[in-house]
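Undergrad: sharing a model that was predicted from the sequence below.
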Amino acid sequence: MNAGGRRRRVVNSTRVIACSFAGVILMGTLLLMLPISSVSGESCGLMTALFTATSATCVTGLILVDTLTQFTLFGQVVILVLIQLGGLGFMSVIFLLASLVRKRMSLSQRLMMVSAFNLNDMHDVARLVGNAFRLTFVMEGMGAIILTGCFLPRYGLGAIWKGIFISVSAFCNAGFDLLGPDQAGSLSTYADNPVVLLTVAALIICGGLGFFVWEEILHKKTFRRLSLYSKMVLVITAVLIVGGTLFFLAVEYNNPQTLGGMPWWQKGVNALFQSVTLRTAGFLTVNQGNLQQVSQMVCMLLMLVGGSAGSTAGGIKTVTLGVLVLAMRAGLRGRSDVTIRGRTIPTTKVLSAVTLVLVVSMMFLFSSIAISLVDGVSYLAAAYETASALGTVGLTTGITPTLSTFSHVLLVVMMYLGRVGVLSFSVAFLSQGGRKSRISYPESDVMIG
């Protein structure tokens with residue numbers, strides 16, 4: 001197959017993925033608009049349904065209305081299905097259904113799976129996708145059992161559904177919950193329960209590593225035998241989590257509105273949870289609007305980085321950040337090649353990483369400025385909501401429900417682009433070899449800096 005044919009297949013597969021997400025959002029919107037979905041027995045309206053469906057499918061977690069008090073069991077089931085479809089990838093579910101009826105994957109289907117999981121080739125795609133499903137349901141099942149046990153004293157038999165819902169939401173990095181709007185909402189009522197917080201944090205981390213990394217961990221078992229990519233994912237993830245934990249512990253330690261009133265051990269657990277949930281999960285134990293301004297700035301940076309490629313998380317991805325840091329190191333040393341541990345990162349990959357970060361940065365700046373101007377809110381608050389939407393995180397300072405229809409629509413677009421647009425960009429450019437121009441131009445020197 002020639003290069004042009006491969007590029008056309010990749011573009012077609014990314015279009016299918018983008019359209020499949022849009023189709024799921026549309027179907028979810030229609031279902032959530034039904035009177036049977038709302039506790040009041042009346043339709044929640046187009047904007048609320050569209051915003052909720054987009055947030056669930058794009059595994060974000062931003063909401064206009066409380067999930068528990070607004071939606072019936074039917075509506076909650078719809079949201080949970082949207083979260084699962086969004087986390088796994090709609091095309092992956094199609095593959096699962098095809099496998100159940102023993103239908104062999106076609107070449108185009110395999111290419112779509114390669115796109116959905118951000119792989120470089122079609123080698124053993126079926127095994128990878130199958131293992132991804134098994135890993136997902138095992139992790140979610142274990143999380144549901146632990147969380148149900150923790151919720152039983154307070155919610156009785158209702159703890160079963162809450163445990164399942166939050167476990168799926170955590171593994172898919174969605175941030176939806178059914179605990180009601182008490183205190184700061186989300187998991188704030190369990191800020192003193194390390195079992196709940198550590199279980200949810202573990203699910204978030206596992207979902208954010210990526211299925212390819214888990215495939216290697218399960219088969220190669222030792223860190224030394226892992227591929228360079230998997231090593232980078234694990235190291236960068238650990239650095240971001242530990243660094244974030246230490247930062248929040250230091251900055252928020254004496255803040256009476258966040259960690260200040262907690263015992264020392266609880267401060268540590270909640271600082272860790274805050275660092276982990278910023279990896280595009282969206283659960284919270286402290287009011288985000290009460291964080292120090294410098295903490296909110298760091299939160300936005302971590303939200304935009306997100307998780308790893310081929311995972312349930314959003315953001316520009318951990319290895320993209322790693323490649324940028326390596327490129328900066330090479331530039332400071334005056335070297336033209338970007339290297340790590342005796343390996344050279346292809347120039348096309350470095351250029352793609354730079355392009356991706358610039359595109360995301362421009363979308364972030366445009367949207368945050370627009371929301372701040374239209375709604376008259378502070379730029380920091382607008383930027384926080386925008387970073388949360390674009391990074392598919394779901395954390396909020398509390399202003400989302402009060403924003404105008406224009407800003408709600410803009411956040412919907414950011415959530416969609418954050419999950420689907422960046423994914424499609426990654427597949428179309430990061431996962432494929434660069435295309436060389438047929439025309440060569442003479443070089444011209446320019447001054448930098």
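TA: Thanks, I have the structure now.
Undergrad: hey, let's count contacts and neighbours off CA atoms from now on
TA: Noted.
Undergrad: look up how far Thr347 lies from the residue located most distally from the centre of the chain.
TA: What lies farthest from the middle of the chain is Pro442; by C-alpha atoms, centre = their mean that is 42.5 Å. As judged by C-alpha to C-alpha, to the nearest Å, Pro442 and Thr347 stand 19 Å apart.
Undergrad: same thing with Gly208?
TA: Gly208 sits 26 Å away from Thr347, going by C-alpha to C-alpha.
Undergrad: ok, these two, which is more surrounded?
TA: Ranked by neighbour count (other C-alpha atoms under 10 Å), Gly208 and Thr347 place Gly208 first, with 31 against 14.
Undergrad: quick one: that one is in a helix?
TA: Yes - counting by DSSP: H, G, I helix; E, B strand; the rest coil, Gly208 is located in a helix.
Undergrad: wait, it sits on Lys317?
TA: No - in this structure Gly208 lies outside contact range of Lys317 using C-alpha atoms under 8 Å: 9.5 Å.
Undergrad: okay, and the common contacts of the two?
TA: Shared contacts of Gly208 and Lys317 (C-alpha atoms under 8 Å, 6 or more residues apart in numbering): 307-308.
Undergrad: follow-up on the earlier one: show the pLDDT at the residue farthest from the centre of the chain.
TA: pLDDT for Pro442: 81.
Undergrad: buried stuff in the stretch of helix or strand Ile371 belongs to?
TA: Applying DSSP states H and E as the criterion places Ile371 in helix 347-375. Neighbour counts over helix 347-375 (16 or more other C-alpha atoms under 10 Å) mark 349-354, 356-357, 360, 363-364, 367-372 as buried.
Undergrad: also stretch 212-227?
TA: Result for stretch 212-227 [16+ other C-alpha under 10 Å]: buried residues 212-217, 226.
Undergrad: would you turn those into CSV with pLDDT?
TA: Conversion of the buried residues of stretch 212-227 to CSV gives the following (pLDDT from 0 to 100):
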residue, pLDDT
Phe212, 78
Val213, 85
Trp214, 83
Glu215, 80
Glu216, 83
Ile217, 85
Leu226, 86
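Undergrad: any chance of those in CSV, with distance to Gln296 too?
TA: Output for these, formatted as CSV (distance: C-alpha to C-alpha, whole Å):
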residue, distance to Gln296
Phe212, 32
Val213, 30
Trp214, 31
Glu215, 35
Glu216, 35
Ile217, 34
Leu226, 35
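Undergrad: show me those that map onto strands.
TA: In strands, defined here by DSSP state E, there are no members of these.
Undergrad: pick the one among those residues closest to Thr136.
TA: Closest approach between the buried residues of stretch 212-227 and Thr136, by C-alpha to C-alpha: Trp214, at 10.6 Å.
Undergrad: give me every residue that touches that closest one.
TA: With C-alpha under 8 Å, 6+ apart, Trp214 has no contacts at all.
Undergrad: how close does it get to Leu178?
TA: 29 Å.
Undergrad: kindly report the same for Ile236.
TA: Noted for Ile236: a distance of 32 Å to Leu178, by C-alpha to C-alpha.
Undergrad: one more: Gln288?
TA: Between Gln288 and Leu178 the computed distance is 19 Å (C-alpha to C-alpha).
Undergrad: could you do Glu443 as well?
TA: Distance from Glu443 to Leu178, counting by C-alpha to C-alpha: 60 Å.
Undergrad: and these two? Which one has more around it.
TA: Leu178 (20 against 6).
Undergrad: go ahead and confirm that one touches Phe71.
TA: No - contact criterion C-alpha under 8 Å: Leu178 and Phe71 do not qualify, at 10.0 Å.
Undergrad: and the residue farthest from the centre of the chain, that one's in a helix?
TA: No - using three-state DSSP, the assignment for Pro442 is coil, not a helix.
Undergrad: how about the helices in the stretch 101-250 of the chain?
TA: With helices called from DSSP state H, counting those that start in this stretch, the stretch 101-250 of the chain shows them at 107-116, 125-155, 158-171, 194-209, 211-220, 228-252.
Undergrad: next up, phi/psi of Ser378, please.
TA: phi -60, psi 150 (degrees, to the nearest 10).
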